[in-house]
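> pasting the structure only:
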C-alpha cells in the first residue's frame with residue numbers, strides 16, 4: 001500500500017527545486033539576461049541578490065510562508081524587480097494571482113529597503129509591487145523605532161504599484177527618503193522588467209498600473225522632518241497615479257512630507273490626510289526652496305501644525321494648486337490654517353489657485369491662507385478667509 005506523502009513535504013521539496021533552479025541562472029555581466037530569483041521561504045533578499053550581483057533581476061517574494069523577510073534589503077547599482085504577493089501555486093504556474101496580496105519586508109530598526117546608485121554611473125530602475133514595508137514604530141506618538149522604510153539615493157527611477165509603507169521612523173523621512181537624482185515614478189508599461197512579471201501583455205500592465213489601481217500608501221510613519229516623506233536636494237516625485245500620505249507625524253515640521261530643495265514634486269491625486277507637525281509648521285506638507293510645483297485633483301484634509309500652516313507651508317517656492325481641496329486643517333497657535341506662504345530669500349513665492357476650494361480651515365489668523373511676502377493668484381476658487 002502506498003503511503004501518502006504529507007503536503008508540507010511536497011511544498012518544501014518543490015520550494016527547494018524552485019530555489020535551486022533560480023540560483024543556477026547565470027548572471028550576464030552585460031545585463032542582457034534576466035536572473036529569476038524565487039524567494040519561497042524565509043531567507044534574506046540580500047543573500048539572493050548577492051548570488052546574482054549583476055544584470056537585471058526578478059525577485060518573486062512568495063506569501064507561501066507567514067514569516068516576513070527582514071530588512072534592510074540592499075539594492076546597490078542594480079536594475080531590480082521585487083514582486084510580492086505570490087502564492088506558492090502561482091509560483092509554480094509562473095503567473096501572478098488574480099488579486100495578489102502584499103508580501104512583507106519587515107523594518108526591524110535599521111530600515112526596510114536601501115536603494116543606491118553611483119552618481120556618475122548609469123541610471124538604474126527599481127520596480128516594487130505588492131509589498132508592505134512595515135516598521136516597529138507602534139501606534140503611540142512616543143513609540144520608539146528607527147530606519148526609513150525606503151531610502152533611495154543616486155540616479156534611480158523607483159516605480160511602485162500596490163505598495164504600503166507603514167510604521168517606520170527616522171530623523172528625516174520616516175516612510176521614504178529621496179536624494180541625489182532619485183525619482184519616484186508611477187508603474188506603467190514602459191517600466192523595465194514589466195514584460196517579465198508574468199502579465200499577458202503591455203496593455204494589461206497599463207491597466208494594472210492605471211490611476212484606478214491602488215496608489216502608493218504611506219501611513220503612520222514618524223520623523224523629525226517629513227514624517228511620511230523627505231525629498232532632499234536632487235530627489236524628485238513625479239506621480240500621475242496618486243500618492244496617499246496619511247496619519248504621519250513630524251516631531252518638528254512636515255508631518256506628511258518635507259520638501260527641501262527637492263528637484264520636482266508634481267503629483268496628480270495627492271491625498272494629505274490626518275498628518276501632524278508636533279512642534280513647528282506644515283502639518284500636511286512643508287516645501288522650501290522648491291521652485292515651482294503642481295498638485296492637481298488633490299486633497300489636503302484634517303492636518304494639524306503646532307505653528308504655521310496646518311495644511312501646507314510654501315516657502316521660497318511656487319505652488320500651482322489645480323482642481324483641489326484644502327479643508328479642515330488646523331494651525332494651533334499661529335497662522336495659515338489651510339496654507340501659509342512666505343518668502344525669506346530669493347524670488348517672491350507664489351500661490352496659484354485654479355479652481356481650488358479652501359474651506360473649514362482654522363487658525364488664529366488667516367484661516368484659509370496667510371501670506372508673508374507671497375503673491376496670490378486665484379481663478380475660480382473658493383476661500384472662506386484669507387490674510
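Thanks, I have the structure now. Quick caveat: nothing in here was measured; it's all calculated off a predicted structure. Numbering: from 1, shown residues only.

> Give the burial count for the closest residue to residue 346 other than its chain neighbours, as a bare number.
With sequence-adjacent residues excluded and distances taken as CB to CB, 6 or more residues apart in numbering, residue 346 is closest to residue 316, at 5.4 Å. Where you see a C-beta, it was placed from the backbone N, CA and C, and this is true even at glycine. Using other CB atoms under 10 Å, residue 316 is surrounded by 20 other residues.

> Assess the claim that residue 316 and residue 286 are in contact.
No - judged on CB atoms under 8 Å, residue 316 makes no contact with residue 286 at a distance of 11.6 Å.

> give me the element the residue nearest to residue 346 is part of.
Using DSSP states H and E, the element containing residue 316 is strand 312-322.

> ok, then the element right after that strand?
Next element after strand 312-322 (DSSP H and E): strand 325-327.

> can you pull out the helices in this protein?
7-23, 45-51, 88-93, 202-208 (DSSP state H).

> Just to confirm, what confidence does the model report for residue 79?
Residue 79 carries a pLDDT value of 78.

> pretty sure it is in contact with residue 121, am I right?
No - in this structure, residue 79 is not within contact of residue 121 by CB under 8 Å, at 11.7 Å.

> Could you check which of the two has the larger neighbour count?
A direct count of neighbours by other CB under 10 Å for residue 79 and residue 121 places residue 79 higher, at 22 against 10.

> Return the distance of the more buried one relative to residue 117.
Note on residue 79: its distance to residue 117, by CB to CB, to the nearest Å, is 10 Å.

> any common contacting residues for these two?
residue 124 (CB atoms under 8 Å, 6 or more residues apart in numbering).

> worst average pLDDT in the helices of the chain?
Lowest mean pLDDT within the helices of the chain: helix 202-208, a mean of 35.

> Report the separation between residue 330 and residue 180.
35 Å.

> er, residue 351 I mean
Using CB to CB, we find residue 351 at a distance of 29 Å from residue 180.

> More neighbours: which of these two?
residue 351 (23 against 18).

> Assess the claim that the more buried one and residue 313 are in contact.
No - using CB under 8 Å, residue 351 is not in contact with residue 313; the gap is 11.2 Å.

> Name the residues contacting each of these two.
With CB under 8 Å, 6+ apart, residue 351 and residue 313 have common neighbours 339, 341.

> what residues does stretch 343-360 touch?
289, 292, 314-328, 338-339, 341-342, 368-369, 371-384.

> Could you count how many residues lie near the closest residue to residue 291 other than its chain neighbours?
Using CB to CB, 6+ apart and skipping the chain neighbours, the partner closest in space to residue 291 is residue 317 (6.4 Å). By the measure other CB under 10 Å, the count of residues near residue 317 is 26.

> who's in contact with residue 317?
With contact set as CB under 8 Å, 6+ apart, residue 317 has these partners: 259, 287, 288, 289, 290, 291, 292, 293, 349.

> now, among those, which is nearest to residue 248?
Taking CB to CB as the measure, residue 248 lies nearest residue 259 of those, at 14.1 Å.

> Would you check how far apart the closest one and residue 324 are?
For residue 259, the distance to residue 324 - CB to CB - is 17 Å.

> same question, residue 277
20 Å.

> Looking at these two, which is more packed in?
For residue 277 versus residue 324, neighbours defined as other CB under 10 Å are more numerous around residue 277 (35 against 22).

> Now restrict the contacts of stretch 343-360 to buried residues only.
Taking 16 or more other CB atoms under 10 Å as the criterion, what is buried in these is 314-322, 324-328, 338-339, 341-342, 368-369, 371-372, 374, 376, 378, 381, 383.

> where does the protein have its least confident helix or strand?
None of the helices or strands of the chain scores lower by mean pLDDT, DSSP states H and E than helix 202-208, at a mean of 35.

> Show me the beta-bridge partners of residue 158.
Beta bridges link residue 158 to residue 126, residue 184, judged by DSSP bridges.

> That one reaches residue 184, doesn't it?
Yes - counting by CB under 8 Å, residue 184 is a contact partner of residue 158 at 5.2 Å.

> joint contacts of those two?
Each of residue 152 lies in contact with both residue 158 and residue 184 under the rule CB under 8 Å, 6+ apart.

> circling back to that earlier point, if I pick the residue nearest to residue 346, what's in contact with it?
Residue 316 neighbours (CB under 8 Å, 6+ apart): 288, 289, 290, 342, 343, 344, 345, 346, 347, 349.

> Which one (most neighbours) among those?
residue 349 (23 neighbours).

> Can you pull the poorly scored residue ranges out of this structure?
1-45, 48, 50-69, 86-101, 137-146, 188-213, 385-387 (pLDDT under 70).

> same thing but 50
3, 5, 7-35, 40-42, 55, 63-67, 98-99, 138-145, 192-212, 386-387 (pLDDT under 50).

> wait, what's in contact with the residue nearest to residue 383 when sequence neighbours are not counted?
Nearest residue to residue 383, sequence neighbours excluded (CB to CB, 6+ apart): residue 368, at 4.4 Å. Residue 368 makes contact with 326, 337, 338, 339, 358, 359, 361, 383, 384, 385, 386, according to CB under 8 Å, 6+ apart.
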